[in-house]
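Chemist: Task: produce atomic coordinates for the following.
(one chain, ligands or ions: 2)
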Amino acid sequence: MADIAGFKCAGIIGGGQMGAGIAQVFATYGIKTILVDINPKQIETAKTTINGSLEKLASKAVISLEQKSAGLSNISYASDLNSLKDCDIVIEAIIESERIKTELFQSLDKIVKPSCILASNTSSIPITRLAAATSRPDKFIGMHFMNPVPLMKLVEIIPGIATSEDTTKQILDLATGLGKETSRSADYPGFVVNRILMPMINEAFNALMEGVATAEDIDKGMKLGTNQPMGPLTLADFVGLDTCYAILKVLHEGMGDPRYAPSPLLAKYVEAGWYGRKTKRGVYKY
Ligand code: CAA
Ligand code: NAD
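Modeler: Ligands and ions are numbered 1, 2, ... in the order given. Got it, this is the predicted structure:
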């Protein structure tokens, strides 16, 4: 079994779109990977997603056949956190809720070995606060992958105030060893990417709410007018409207500035359970 920057075994918690993608990348690079989700249905969905993605990437020669078989053979699936006790790193990618993440890290901290690094893929929740819930804030860091993980180059690296420089260096080396580019951000609300991306998405919802244009015209305007791969409303559906809403609430609370207040229309979609692609309905129907 391979290692990258000394990491031989990785645990990923949360088998949704991000966790499945992160597990896939680790496994493709030869790391023993354990993917944990509390929802057995989601484990089945993650397996299907990972197998389909590996198949597609191999058929397009984006990954080699060896990487494809590594991706298939290096992942095991579990529902119990105890299966992560021998991991060198655990990356949390569960829903964007500070309370639920904090509870998870408190339990995890008691299970994994003292040398294990804990990382969160949170989009916005302060790393320093999550780290403070554990006995190892020096070994705690934000490792923010972008969606879809197997295709997107960037991992944003966010040390908390107590993260050691050693931990940060190891994680920068790990991300590079996984074929990613890194950018470093201080631990302020939304870090860099979402501090800038989410206000754009929010403004698209406000424009839609005010009847400035249809969803299609807003997306077409931004996609073709500013050369983005997806318009902001399509991207919001892709990210998950529940996640966008949670991020905006963190930005709004953390910055204390009304300009980050989530659009009432975005709030309404989330209240209706229209989370985007993952629920087959968001701004658009899928
Ligand atoms: N694995 C393998 N293949 C995948 C895939 C995956 N996980 N996801 C998509 N693909 C495939 C598609 O199926 C498609 O395959 P075919 O050509 O065989 O149909 C192929 O990739 C290319 O897709 P498309 O032709 O539909 O579109 P594209 O060329 O534009 O690429 C994309 C797709 C990379 C998703 C591109 O649309 C894109 O870059 N979109 C923006 C993504 C983005 O901004 N991500 C960041 C979101 S913000 C974030 O992640 C942070 C946060 O905290 C919220
Ligand atoms: P998702 O809703 O697709 O998946 C979340 C998964 O977590 C679900 O499978 C759920 O069953 C599982 N889960 C919930 N509580 C759990 C627990 N206590 N233990 C184990 N599993 C649990 O969400 P996602 O889009 O994959 O986002 C996950 C995280 O990644 C969030 O923090 C989000 O902000 C962040 N993120 C999302 C994106 C994106 O574009 N969606 C991009 C970067 C980062």
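Chemist: all contacts plus neighbour counts: C-alpha atoms, from now on.
Modeler: Will do.
Chemist: Torsion angles phi and psi at the closest residue to ligand 1 within the chain?
Modeler: Going by Cα to the nearest ligand atom, ligand 1 is nearest to Met146 of the chain, at 3.4 Å. Backbone torsions of Met146, given as degrees, to the nearest 10, read phi -110, psi 150.
Chemist: and it, how many neighbours?
Modeler: Residues near Met146, counting by other Cα atoms under 10 Å, number 20.
Chemist: gap between it and ligand 2?
Modeler: From Met146 over to ligand 2 the distance is 5 Å, taken as Cα to the nearest ligand atom, to the nearest Å.
Chemist: Hmm, Met200 is touching Pro232, no?
Modeler: Yes: with contact defined as Cα atoms under 8 Å, Met200 counts as touching Pro232 (7.1 Å).
Chemist: Same drill for these two, tell me which one is more crowded.
Modeler: Using other Cα under 10 Å, the more surrounded residue of Met200 and Pro232 is Pro232, with 25 against 14.
Chemist: Please list all residues in contact with the more buried one.
Modeler: By Cα atoms under 8 Å, 6 or more residues apart in numbering, Pro232 lies in contact with 200-201, 204, 218-219, 222-223.
Chemist: Now which of these would you call buried?
Modeler: 201, 204, 218-219, 222-223 (16 or more other Cα atoms under 10 Å).
Chemist: tell me which of those residues is nearest to ligand 2?
Modeler: Taking the buried ones among the contacts of Pro232 together and measuring to ligand 2 by Cα to the nearest ligand atom, the closest member is Ile201, at 12.5 Å.
Chemist: How about the residues of this structure by ligand 1?
Modeler: Contact residues (Cα under 6 Å from any ligand atom) of the chain with ligand 1: 53, 56-57, 123, 146-148, 150-151, 229-230, 239.
Chemist: tell me which of those is nearest to Asp138?
Modeler: Ser123 (20.3 Å; Cα to Cα).
Chemist: Okay, that closest one and ligand 2: tell me how far apart.
Modeler: Ser123 is 4 Å from ligand 2, by Cα to the nearest ligand atom.
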